[in-house]
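Q: Any chance you could fold what I've pasted below:
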Amino acid sequence: MTLIWKPSIWNDSATTLYELPLPVKPFSEAMSYDANVQKVPGADGAIATARTEGPTTLRISGLISRKGSGALITTEQGIIDEMALFRTAANGGTTREFFLMSHYDAATADYRYRIRCIAQSLSFDDVDRASLLHIPYEFVVLALDPELRLSATGNLST
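A: Next comes the predicted model:
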């Protein structure tokens, strides 16, 4: 199995996979946990019960300079169009949820992915008008199901 970095979004209203604009840095991942913590008066420490794993927050940053396929975006209109496509994909489908893929194995058509993802924020940073063809972005995703899955021969499932 040879996994390649291919960050992408799939939702229930999409007919194709949306590959995030390149280059994309590796995801920053923060897991959360809940627990019922009780302090015993007069004793040091505490007692924690019913510990559960919460959603995972993923921070994704990159530049809009190439399409996910690798094709260079060479015009300002191309950047604006790519921003609109990204926004549409981030909005999710009819449920507002999407699958977030991170890696792809071309030999088996398998993906590493997370299900039940929702966009928390998507920001574009147009700080340098001289280099408008390289717009930085940050995409913050909340993975409601924290499990990282592996598809079987290209079949994505919940």
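Q: For the strand ranked longest in the chain, could you pull out the residues that count as buried?
A: Assignment by DSSP state E gives strand 46-66 as the longest strand of the chain. Within strand 46-66, the residues scored as buried using 16 or more other C-beta atoms under 10 Å are P55, T56, T57, L58, I60, S61, G62, L63, I64, S65, R66. Every C-beta, even on glycine, is put in place using the N, C-alpha and C of the backbone.
Q: So the fifth one is in contact with E138, correct?
A: Yes: contact criterion C-beta atoms under 8 Å: I60 and E138 qualify, at 7.2 Å.
Q: Beyond the longest strand of the chain, next helix or strand please.
A: Counting by DSSP states H and E, the next helix or strand C-terminal to strand 46-66 is helix 76-90.
Q: Give me the distance between that following helix and the centre of its chain.
A: 16 Å (C-alpha atoms, centre = their mean, to the nearest Å).
Q: which other helices and strands contact it?
A: For helix 76-90, the elements it packs on are strand 18-19, strand 46-66, strand 110-124, strand 135-143, judged by 3 or more C-beta pairs under 8 Å, 6 or more residues apart in numbering; DSSP states H and E.
Q: Work out the gap between the longest strand of the chain and the centre of the chain.
A: 11 Å.
Q: Just name whatever secondary elements it is in contact with.
A: Using 3+ C-beta pairs under 8 Å, 6+ apart, strand 46-66 sits against strand 22-24, strand 28-39, helix 76-90, strand 110-124, strand 135-143.
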